[in-house]
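Sharing a model that was predicted from the sequence below.
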Amino acid sequence: MTAAKYDILGIGNAIVDVLSRTDDDFLVAEDLHKGSMNLIDAERAEYLYARMGPAIEASGGSAGNTIFGIASLGGHPAYFGKVAKDQLGSIFTHDMRSLGAHFDTSPLKDGAPTARSMILITPDGERTMNTYLGACVELGEEDIDPDVVANSGITYMEGYLWDKENAKNAFRKAARIAHEAGREVSITLSDSFCVDRFRGEFLDLIQSKQVDILFANEPEVKALYQTADRATALNALRKDAKLAAITLGSEGSVVVSGDETIYVEACKIRELVDTTGAGDLYASGFLFGLSKGFSLEKCATLGNFCAAEVIQHIGPRPEHDMKQAAEQAGLL
């Protein structure tokens with residue numbers, strides 16, 4: 001098998017994030033469940049935007065954030081995601097290409113505008129997302145470039161994309177091409193509400209081995225197996241998944257592979273500011289480590305390190321050169 005041209009290929013919802021600080025009273029007044037991801041329509045998006053405080057806009061989307069992190073670590077990523085031919089779409093495209101990612105998905109010329117997510121950050125650092133999907137749900141099989149998939153070491157998809165049939169078919173096509181080329185496929189469950197909607201389909205992806213590597217946080221993996229007990233969820237996961245990396249918040253993360261169970265402590269932080277992007281950046285570190293042949297423990301340590309960086313400031317992407325920071329920490 002030839003060496004991969006791209007370390008990781010991300011497939012996800014191409015979204016521009018709009019981040020704003022708020023308080024719990026605002027969430028209660030707007031009937032928002034703290035920590036949730038709510039899909040909203042254009043009218044609701046305009047309403048919330050008008051009521052939000054000062055905001056920061058940044059290109060985002062879960063898999064997009066992961067790809068950003070991989071590039072910051074010195075990796076060579078690619079990305080598939082649908083934007084519209086509008087101002088936000090141009091911003092997203094420029095951001096992706098400027099960080100060195102291969103991004104050549106054709107923009108949507110007619111129809112919905114580029115997706116955006118209003119992210120409300122409470123004083124405890126928790127984020128509540130309100131997402132208007134717009135153009136990003138139009139990603140389809142025609143947007144999957146077989147050459148890019150076949151030349152990517154690992155194809156990584158966000159669970160948030162698993163909503164429309166055309167996107168599901170696009171991922172299945174990418175997974176098939178990747179496996180035919182001898183590459184690996186991964187998915188992140190993204191959100192417990194997402195798991196509740198698509199539990200059967202997610203389990204089928206894992207059990208049928210269409211997915212080789214699973215990412216999730218503790219609530220998501222418990223939701224997947226409908227249990228409140230961590231050990232029960234991990235034991236079930238061990239039987240189904242070839243490899244799984246589960247984030248545990250302040251406890252760090254745990255990796256499950258066959259009979260192996262590897263717990264890795266969280267990195268110390270100065271202050272928790274904003275949890276937006278924590279799981280995305282954990283995946284950046286873990287996947288980058290896998291692409292370089294690191295041990296599973298070192299992959300998880302690098303994942304924890306990247307997550308720790310992003311939760312100490314507002315926004316879902318690193319503010320520092322992650323390659324330099326990881327080198328200084330002795331991780332690269």
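Yep, it's here. As the structure is a computational prediction, the values presented were derived from the model and not from experiment. Residues are numbered from 1 along each chain as shown.

any idea what sits nearest the most centrally placed residue in the chain, other than its immediate chain neighbours?
In the chain, the residue lying closest to the centroid (Cα atoms, centre = their mean) is residue 62, at 3.3 Å. Counting by Cβ to Cβ, 6 or more residues apart in numbering, residue 158 is the residue found nearest to residue 62 once chain neighbours are left out, at 4.1 Å. Every C-beta, even on glycine, is put in place using the N, C-alpha and C of the backbone.

got it, and residue 179?
residue 185 (6.6 Å).

and the residue lying closest to residue 164 once chain neighbours are set aside, how far is that from residue 96?
Distance criterion Cβ to Cβ, 6+ apart; nearest residue to residue 164, sequence neighbours excluded, is residue 137 at 4.9 Å. Separation of residue 137 from residue 96 (Cβ to Cβ, to the nearest Å) stands at 18 Å.

So the residue nearest to the centre of the chain sits against residue 160, correct?
Yes - assessed by Cβ atoms under 8 Å, residue 62 is found in contact with residue 160 at 5.7 Å.

What are the boundaries of the helices in the stretch 1-150 of the chain?
24-29, 42-51, 62-72, 87-98, 146-150 (DSSP state H, counting those that start in this stretch).

want to throw those into TSV with distance to residue 174 and mean pLDDT?
Formatted as TSV, the helices of the stretch 1-150 of the chain follow (distance: least, Cβ to Cβ, whole Å; pLDDT from 0 to 100):
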stretch	distance to residue 174	mean pLDDT
helix 24-29	36	95
helix 42-51	29	88
helix 62-72	12	95
helix 87-98	18	90
helix 146-150	5	98
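
Go through the ones you listed and name the closest to residue 214.
Closest approach to residue 214 among the helices of the stretch 1-150 of the chain (Cβ to Cβ): helix 62-72, 14.2 Å.

what's the burial count for residue 80?
When neighbours are defined as other Cβ atoms under 10 Å, residue 80 has 26 of them.

Please verify my assumption that it contacts residue 101.
No - using Cβ under 8 Å, residue 80 is not in contact with residue 101, being 10.6 Å away.

doesn't residue 284 make contact with residue 304?
No - proximity of residue 304 to residue 284 does not meet the contact threshold set by Cβ under 8 Å, at 11.4 Å.

neighbour count winner among these two?
It is residue 284, of residue 304 and residue 284, that has more neighbours when counted by other Cβ under 10 Å, with 34 against 24.

Which neighbouring elements make contact with the host helix or strand of that one?
For residue 284, the host element (DSSP states H and E) is helix 278-291. Counting contacts by 3 or more Cβ pairs under 8 Å, 6 or more residues apart in numbering; DSSP states H and E, helix 278-291 packs against strand 6-11, helix 62-72, strand 152-158, strand 184-188, strand 213-217, strand 243-247, helix 296-310.

Now do the fifth one and helix 296-310, the angle between them.
Compare the direction of strand 213-217 with that of helix 296-310 by axes from the mean of the first three to the mean of the last three Cα atoms, to 10 degrees and you get 40 degrees.

thinking again about what came up before, mutual contacts of residue 62 and residue 160, please.
12, 13, 190 (Cβ atoms under 8 Å, 6 or more residues apart in numbering).

For residue 203, state which of the residues you listed is nearest.
residue 190 (15.0 Å).

Next up, phi/psi of the closest one, please.
phi 80, psi -50 (degrees, to the nearest 10).

neighbours of it, just the number please.
27.

Would you check how far apart the closest residue to it other than its chain neighbours and residue 240 are?
Of all residues not flanking residue 190 in the chain, residue 159 sits nearest, at 3.4 Å (Cβ to Cβ, 6+ apart). Using Cβ to Cβ, one obtains 16 Å as the distance from residue 159 to residue 240.

Out of the two, name the residue with the larger neighbour count.
residue 159 (25 against 18).

quick one: pLDDT of that one?
You'll see residue 159 listed with a pLDDT of 93.

residue contacts, the residue nearest to residue 190?
187, 188, 189, 190, 191, 194, 195, 198, 202.

what stretches of the chain score poorly on pLDDT?
Filtered on pLDDT under 70, the chain yields the residue ranges 1.

try 80
Flagging of the chain using pLDDT under 80 yields the residue ranges 1, 57-58, 315.

residue contacts, residue 226?
By Cβ under 8 Å, 6+ apart, the neighbours of residue 226 are residue 199.

What strand or helix carries it?
Using DSSP H and E, no helix or strand contains residue 226.

what does the one 10 residues further on give?
Taking DSSP H and E as the definition, one finds residue 236 inside helix 230-240.

I am finished for the moment; much appreciated.
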